[in-house]
Structures are given as structure tokens and as C-alpha cells.
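Peer 1: Please find the sequence and the predicted model below.
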Amino acid sequence: MSELKEGVKGLNVEAIRKMFPVLHQEVNGKPLAYFDNAATTQKPESVIKALDEYYRGYNANIHRGIHTLAEKATKAFEVTRESIRAFLNAESREEIIFTKGTTESINLVAATYGRQEVKKGDEIIVSELEHHSNIVPWQLLAKEKEATIKVIPVSEAGELDIDAYKELLSDKTKLVAVNHASNSLGTINPIEEIIREAHKVGAKVLIDGAQASAHLPIDVQALDADFYAISAHKFYGPTGTGALYGKRELLESMPPYQGGGEMIKDVSFDGTTYNDIPYKFEAGTPNIGDVIAFNEAIKFVNENGKDAMAAYESELLAYGTKKLEAIGGLRIVGTAKNKVSVISFVIDGIHPFDIGQMLDARGIAVRTGHHCTQPLMDRFGIEGTVRASFAVYNTKEEIDRMVDGIDRIVKFMSK
Ligand code: PMP
């Protein structure tokens, strides 16, 4: 464990592991090794405690109350908004809208900005590397508006073909929607260039940051991103909450998403006026407790330092890649130069599902299947992969256990 204590740039992985209660259990009689972090990360004690404290101590509806509990809850809720603003380096807190997560953030943009701006014959560009949640909302919109979806192709290594992207851009392009990092392959996309090129033709860009938030620095102003979507649960926060960043002038020009309480200024049967941003997009009672707990996840990342965490995860990625590559018949899908800590692989003659089940029997949690990226799987001519995705609490020792497990599975299956 001494190696863990030293870690990268003072990162104490042993101490970090202690903060995550769920890690300290046996699954099927073996210590849990949790490698399904791209699906959802585990939560530190501080996040769990914040949620518990809210429900035990000051559960109240926010914004409309003048009593003490309501004021306390409102304050804590708005503290998280400010933390997200800083986390993304947005210019103002009004540009941060709470949503259920990345999926809802994308749907919000499609249903508001998209519905208002996209016209018949317009084009929306997505990539072959997208999660279904960054494909289907655009398909729904395109169908409604008689617009067209154009797709940036992906190379054999799992990188976006940027030349092809530039060819797709035209004055018909209204929106470009791509991820910052791919959940299936780990590819980090050159979003700065993607945004710059889109802006040259007057298109707006939505970045799906679901997989970037835990690993990559994000600066929406430096990127000049128009929209940026995140989910708390992908970086040590609770499920059911996340955020959409949008540039002020865009958010102000957009119609509301849902109607209801909180999003209005005045309601009458003669006409209703809407609230200012961000509240215009936050109809109804939000997920107050989880938003408050979300702040602890941001603190966790900030306190450990995203750079140090990413450096350690890169070490795990390089280590795991080298070890897995050495297994006969195993092929890594997605070998981009720049990757977050995700390894997707297939093994000749063994179904990913079987590998997942046999690893689970050894206490090792990986994900198998298409990872909500069916077009990408089609591109590679496969049904799915086994995916191991690493977080800051994973260790080389755990990777050794996975590699040893796979080695044995391969030998057993080829008997
Ligand atoms: N985009 C990407 C790249 C993702 O990995 C995910 C979650 N797997 C999503 C979008 C959707 O996120 P959520 O389910 O939190 O809305």
C-alpha cells in the first residue's frame, strides 16, 4: 500500500479509498473491484452525509419560503450553482441551469433552442462517437422540423475525422453536438477546434461533458462553448442531478422548457410572463437534496485536484492497456492518442456478456454491451464490448486481479 500513499503528486489513494464506503465489501466472496465508473462513480462519505443532513436537518422547499429551513435549503442549493459555475468557469451563475443530468440538459436544448432556431432544410451535426442521449433528441427535433442529421465519421482508432467534419459544415449547419470524451472508447475529442470551426459558419455547439467532468479541465469561456452538459453522478455526486451551461444571450433568447411553478414571473389567463434565467428553465420542485450533496462531490474533486486525479487515472489507463494487450485474442477497441481512463475490448470467441459475468463472480464489476452507443458499435462491426473504466480510487492491484481473471477465462473457454 505504500505505493498508493505516495500516488501521483501527493495523491493519497489509500486515504481516498477510505472515503468511499461502498468499496469496502465483498461481492461473491471476493473484494469488490469497481470498474464501472463511466456508467456511474461511487460516492464519498461527504456526499452521502450531506444528503442525510439535508433530510434530517433542513428539508424544505426552496426559493419561495421565508422560514428558516427554507432559507437554509435555498442557500445550500444556490451554493452548488456557484460551485458549478466555478467548476466550468462560466461567467455568471445565471448561466447554470439545474437538470436531472446530461440527458435532460441535451433534451432541454433540443426542445427550446432547437425548436426555436432549427428550420426545414437545416442541418445538425453529431458524431459517430455519441451516446444515444446526444443522438436521439436531435433525431426527434430533425423529424419535427424536417431538418437533416449529418454524422462525423470515426477512424479505426476511434478518433473523429476532423477533415470530414470540416467538409460537413456549411451555412445550413445550425447546431453541432459532440461529446468531450467518449463513454465507450475513452477518446478525448478536440472540442476547441470543433467549436472554432462551427462558429465560422455561424453554428452553435453543444458539448456533452458527461465523461469529461471527472477527468478533464473544463473552461467554457476559453472553449467558447455555447452549451455544456454534465451529470453529477459521473464525478462522485448523486444520481438525478446535473447541469446545463448555456451562454447568457442564448439562454435569454430561448423559450422555456417546461411550464410550472418557479419558471414564471406572473401568471394570468390573459398571458404569462417568464422568470429570469436560470429559473426560467427550472419549473417545479427540483432535486434539492441531491443538488446540495452535489456540492460535496465538486469539493472532493477540487480538494484532490483534477490534474492529479487525471494523472493517476492515466497511469492506470497505461498500466491496464499494457497488461490487457498482452492477453492472446484480446483486442482493444478505441486506441486514440488522447483518452480518458476507459478501456473497451473484445476477445475472440467469447461473448462480452460471458466475460462480464465471469468477472463478476470474482468480485470485479465491468460493463458489457453497446454502452448506449449502437451506431459506434455498428461502425466497428461488433455487438458490444467489455468496458473497464477507472476512477481515482482504483488501483493497479485491482487491475492485476481483472487481468488475471480474464487470462483464466480465456484459458478456460479455449479448453
Ligand atoms: N453522454 C455520455 C457520453 C454518457 O456517458 C452518458 C451516461 N452514460 C450520458 C451522455 C447520459 O448521462 P445521464 O444518464 O447522466 O443523463
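Peer 2: Now that the structure is in, tell me what you want to look at.
Peer 1: could you pull out the helices for the stretch 151-300 of the chain?
Peer 2: Secondary structure of the stretch 151-300 of the chain (DSSP state H, counting those that start in this stretch): helices at 162-168, 191-200, 220-223, 248-253, 288-304.
Peer 1: Ramachandran coordinates for the residue nearest the centre of the chain?
Peer 2: Compute the mean C-alpha point of the chain, and by Cα atoms, centre = their mean the closest residue is Ala210, 1.3 Å away. Note on Ala210: backbone dihedrals following degrees, to the nearest 10 are phi -50, psi -40.
Peer 1: you'd agree Ile135 is up against Ile125?
Peer 2: No. Applying Cβ atoms under 8 Å as the test, Ile135 and Ile125 come out as separate, 11.6 Å apart. Where C-beta positions appear, they are placed from N, C-alpha and C, glycine not excepted.
Peer 1: Now the common contact residues for the two.
Peer 2: Each of Ile149 lies in contact with both Ile135 and Ile125 under the rule Cβ atoms under 8 Å, 6 or more residues apart in numbering.
Peer 1: Between the two, which has more neighbouring residues?
Peer 2: Under the criterion of other Cβ atoms under 10 Å, the comparison of Ile135 against Ile125 puts Ile125 first, with 25 against 21.
Peer 1: Pull the contacting residues for Ile152.
Peer 2: Ile125, Val126, Ser127, Glu128, Leu129, Leu160, Asp161, Ala164, Tyr165, Leu168, Val178.
Peer 1: Contact partners for Ile48?
Peer 2: Pro21, Ala293.
Peer 1: Now do stretch 86-105: distance from first to last residue.
Peer 2: Using Cα to Cα, to the nearest Å, one end of stretch 86-105 lies 18 Å from the other.
Peer 1: Let's test this: mean pLDDT of that stretch, rounded?
Peer 2: Regarding stretch 86-105, the rounded mean pLDDT is 98.
Peer 1: Likewise for stretch 285-302?
Peer 2: 98.
Peer 1: One more: stretch 39-56?
Peer 2: Throughout stretch 39-56, pLDDT has a mean value of 98.
Peer 1: Which residues of the stretch 151-300 of the chain lie near the ligand?
Peer 2: Residues of the stretch 151-300 of the chain lying close to the ligand (Cβ under 6 Å from any ligand atom) are Asn179, Asn183, Asp208, Ala210, Gln211, Ser231.
Peer 1: Across the sheet, point out what pairs with the third one.
Peer 2: By that I understand Asp208. Per DSSP bridges, the residues bridged to Asp208 are Asn179, Ala229.
Peer 1: just checking, it touches Val178?
Peer 2: Yes. Counting by Cβ under 8 Å, Asp208 does reach Val178; the two are 6.9 Å apart.
Peer 1: From the neighbour counts alone, determine which of those two ranks first.
Peer 2: Neighbour count, other Cβ under 10 Å: between Asp208 and Val178, Asp208 has more, with 31 against 24.
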